[in-house]
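> pasting the sequence and the predicted model now:
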Amino acid sequence: MFPIHRLRRLRKNETIRKMVRETTISPEDFIYPLFVTCGKRVKKEISSMPGCFQESVDKIVKSAKEVYSLGIPSIILFGIPEHKDKMGSSAYDEHGVVQNAIRTIKDTLPELYVITDVCLCEYTSHGHCGVIKDGTVQNDPTLELLSKEAVSHAQAGADMVAPSDMMDGRVEAIRRALDEEGFHETPIMSYAAKYASAFYSPFREAAESTPQFGDRRSYQMDPANRREALREITLDIEEGADIIMVKPALAYLDVISDAKDAFDVPIAAYNVSGEYSLVKAAGKLGWIDEQRVMIEILTSIKRAGADLILTYFAKDAAKLLNK
Ligand code: PBG
């Protein structure tokens, strides 16, 4: 009771504030997304995501080295293929961009933990995450293709696969396919509670994966639903997911917090492209202090319960945190 309790005593200076700080972030918490494209010596900045690039394999190896040297243990790879078709066949091509990138990165930097995004939208001509029939995305026929994609990533040397398509039953299908090919030890991080979010639009420029008709609301979750996220996560864990993800992060801190309370698997959160671009744009205009806002956002995602954060800020934040 006042004046016995004065909470300001423990806020007096940075030393004591640090001593009682409940949440700290470190480069080890981060997973950095990289976009790999075909060709050689390509490094093209994504206009809506300053500081992020589409890079050919030769360039991406350099980027991967930089990431690792900053103390960030892991990357997640997205591919922009040369060729797109109805079935997304480049996604499970042994010589696809992602498969080539994995092999080259693991050759030069075996310690870097390489995760791959498993989805068809970057590889299909229609830009949807699954096979289309009669104008709708088909669930079960898609599972087979996703399984082939996951296996081909594992064969190329991926340390972990991360399905982001939101088809029902895909974790089980992928687990089975990996096990059949001898990849019992390859973990699955599922994008378990992935919402149909407007925050993905800069990514779609980056990955050239905008749906050519309709939207993703028939497979990704309705942003209004909180309890449904727990059902999605429960099912993915039952199907064999090793890590579950909530995506986006910042507008879904309640979902991250619920997931942390309800489950004992590691929780990842994806601080998505739109969340990054908003901060970068306002920072550029001088409307906010970009660095402080970045650290505050990443801290809030961890405070909500994320053990791992996929973020385009990983390098910027690591540089600050390493100082
Ligand atoms: C692929 C995928 C998307 C993102 C990650 N994997 C796009 C989408 O679902 O439309 C978004 C990532 C971001 O916005 O940073 N399905």
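In hand now; what should we look at? These numbers come from a predicted model, not from an experiment.

> what comes into contact with stretch 82-90?
In this structure, residues lying in contact with stretch 82-90 by C-beta atoms under 8 Å, 6 or more residues apart in numbering are 38, 79, 81, 96-97, 120-126, 131-132, 145, 149. For the C-beta atoms, the positions are set from N, CA and C on the backbone; glycine is no exception.

> repeat for stretch 233-244
Contacting residues not belonging to stretch 233-244 are listed as 160, 168-169, 171-172, 175, 187-190, 192-193, 259, 262-263, 265-268, 308 [C-beta under 8 Å, 6+ apart].

> and the nearest residue to Y68 once chain neighbours are set aside, how far is that from N322?
Distance criterion C-beta to C-beta, 6 or more residues apart in numbering; nearest residue to Y68, sequence neighbours excluded, is L112 at 4.8 Å. To N322, L112 is 17 Å away according to C-beta to C-beta, to the nearest Å.

> check K302 too.
With distances taken as C-beta to C-beta, K302 is found 17 Å from N322.

> who has more neighbours out of those two?
K302 (21 against 11; other C-beta atoms under 10 Å).

> what's that one sitting at in phi/psi?
Its backbone dihedrals place K302 at phi -70, psi -40, with angles given as degrees, to the nearest 10.

> what of G135?
Dihedral angles (degrees, to the nearest 10) for G135: phi 80, psi 0.

> residues near it, how many?
Around G135 there are 8 residues (other C-beta under 10 Å).

> secondary structure class for the closest residue to A198 other than its chain neighbours?
Closest residue to A198 in three dimensions, ignoring its sequence neighbours and counting by C-beta to C-beta, 6+ apart: G274, at 6.8 Å. Following DSSP: H, G, I helix; E, B strand; the rest coil, G274 is assigned to helix.

> got it, and the one 4 residues further on?
Three-state call for L278 (three-state DSSP): helix.

> show me what contacts it?
If you count contacts by C-beta under 8 Å, 6+ apart, L278 has none.

> what's the answer for E111, then?
The neighbourhood of E111, defined by C-beta under 8 Å, 6+ apart, consists of Y68.

> same check, this time on the one 3 residues further on
Contacts were defined as C-beta under 8 Å, 6+ apart; by that measure V114 touches 74-75, 77, 102, 105-106, 157-160.

> what do you get for R17?
Applying C-beta under 8 Å, 6+ apart as the definition, the contact partners of R17 turn out to be 10-11.

> follow-up on the earlier one: just the contacts of stretch 233-244: which are in strands?
In strands, judged by DSSP state E, the following of those are found: 160, 189-190, 192-193, 267-268, 308.

> quick one, strands of the protein?
Along the chain, the segments classed as strands by DSSP E run 30-37, 43-45, 53-56, 74-80, 113-118, 131-133, 136-138, 160-163, 189-194, 243-247, 267-271, 308-311.

> who does Q54 form a beta bridge with?
The residues listed as beta-bridge partners of Q54 by DSSP bridges are F35, K44.

> closest one to the ligand among the strands of the chain?
If you check each of the strands of the chain against the ligand by C-beta to the nearest ligand atom, strand 113-118 wins as the nearest, at 5.2 Å.

> now do the closest one, average pLDDT.
What strand 113-118 shows for mean pLDDT is 98.

> just to revisit the earlier point, just the buried members of the contacts of stretch 82-90?
Burial by neighbour count, 16 or more other C-beta atoms under 10 Å: within the contacts of stretch 82-90 this picks out 38, 79, 81, 96-97, 120-124, 126, 131-132, 145, 149.

> would you tell me which helix is longest in the chain?
In the chain, ranked by residue count with DSSP state H as the criterion, the top helix is helix 140-156.

> hang on, K65 packs against L109?
Yes: with contact defined as C-beta atoms under 8 Å, K65 counts as touching L109 (6.1 Å).

> and the residue nearest to Y68, how close does it get to the ligand?
Distance of L112 to the ligand, computed by C-beta to the nearest ligand atom, to the nearest Å: 20 Å.

> now do the same contact list for that residue.
64, 67-68, 73-75, 105-106.

> over to M166?
M166 makes contacts with 129, 191, 194, 216, 219-221, as judged by C-beta under 8 Å, 6+ apart.
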